[in-house]
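# Attaching a predicted model along with its sequence, questions to come.
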Amino acid sequence: MEIQERSGFFMITMDTIIREGHPTLREIAKEVTFPLTEQEQQLGKDMFEFLVNSQDPIKAEELHLRGGVGLAAPQVNVSKRMIAVLVPSEQEDGEPEFAGVLYNPKIVSHSVQDACLGDGEGCLSVDRDVPGYVVRHARVTIAYQDETGAAHKIRLKNYPSIVVQHEIDHLNGVLFYDRINADNPFAIKEGVLVLE
Ligand SMILES: Cc1nc(NNC(=O)[C@H](CC2CCCC2)CN(O)CO)c(F)c(N2CCN3CCOC[C@@H]3C2)n1
Ligand code: NI
């Protein structure tokens, strides 16, 4: 019996990431079921490794990677509900503020208060700057499954909260600029938290 060799080494680079205009970015991604297939497990690892590489000055330079703190499967043309997140700590060598691969992530509740990043947002699938405040929930409670299928529920605020909301948006075909006020990109209501 011929042993089917797993095909060669694969790594996510900027060439793997699809750009705005590609229909997959506007699709509603499908839930993953458990146990995960070999491919789904490997994809989660590859997505996380992309973020690690993109935050390593040497690797990012070598592989021409744009910096990333999050990545959603639809961005590599896989319309499945899985996201990878790697939010580094504020200090130089601290533990990451939030890191993981989340399957079937869902916002189960959120604060009344909204928040946005003071510097606006960008997207690895959008090759242009779109200035403006991307208004999101300040705090969210996220239910998700890990790679074993175990259910988790976490509360996020500040940076991690914004990043996870950006990624979950990708699973619903939403891009960051959909949330910028078209009439006045930097208009924000009373009480919106601006994260610097
Ligand atoms: C905020 C930020 N966004 C970067 N890029 N955009 C992304 O990650 C997109 C997702 C983020 C856009 C806003 C919220 C989520 C990718 N997206 O499209 C996925 O859907 C960064 F690269 C970045 N940092 C700060 C930390 N730094 C550590 C050292 O390495 C460089 C890195 C740069 N901060
Ligand atoms: Ni994005």
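Done, it's in. Ligands and ions are numbered 1, 2, ... in the order given.
# avg pLDDT for stretch 117-135?
The pLDDT scores in stretch 117-135 average 98.
# Pull out the buried residues from it.
Buried residues in stretch 117-135, counted by 16 or more other Cβ atoms under 10 Å: 117, 120-126, 132-135. Heads up, the C-betas are built off the backbone N, CA and C, glycines and all.
# and the residue of this structure nearest ligand 1?
residue 67 (2.7 Å; Cβ to the nearest ligand atom).
# Confirm for me that that residue is in contact with residue 53.
No. The pair residue 67 / residue 53 is not scored as a contact, 10.2 Å apart, by Cβ atoms under 8 Å.
# Could you check the longest helix belonging to the chain against ligand 1 for contacts?
Using DSSP state H, we find that the single longest helix of the chain is helix 38-54. No. On the criterion Cβ under 6 Å from any ligand atom, helix 38-54 is out of touch with ligand 1, staying 6.6 Å away.
# Start at 237, not 1
I'll keep to 237 as the first residue from here, and by that count the last item is helix 274-290.
# packing partners for that helix?
When contacts are defined as 3 or more Cβ pairs under 8 Å, 6 or more residues apart in numbering; DSSP states H and E, helix 274-290 sits against helix 293-299, strand 306-308, strand 318-323, strand 334-346.
# can you rerun that using 6 Å?
strand 318-323 (3 or more Cβ pairs under 6 Å, 6 or more residues apart in numbering; DSSP states H and E).
# where in this structure is pLDDT low?
In the prediction, the chain carries residues with pLDDT under 70 at positions 237-244.
# mind running it again at 50?
240 (pLDDT under 50).
# near ligand 1, which of the buried residues of stretch 353-371 show up?
Applying Cβ under 6 Å from any ligand atom to the buried residues of stretch 353-371, one finds that 357-361 fall near ligand 1.
# Return the subset of those residues lying in helices.
Short answer: those have none in helices (DSSP H).
# what's the burial count for the residue of the chain closest to ligand 1?
Per other Cβ atoms under 10 Å, the neighbour tally for residue 303 reads 12.
# ok, it - contacts?
Contacts for residue 303 (Cβ atoms under 6 Å, 6 or more residues apart in numbering) come out as residue 290.
# Please apply the same query to the one 5 residues further on.
Neighbour list for residue 308: 319, 403, 406 [criterion: Cβ under 6 Å, 6+ apart].
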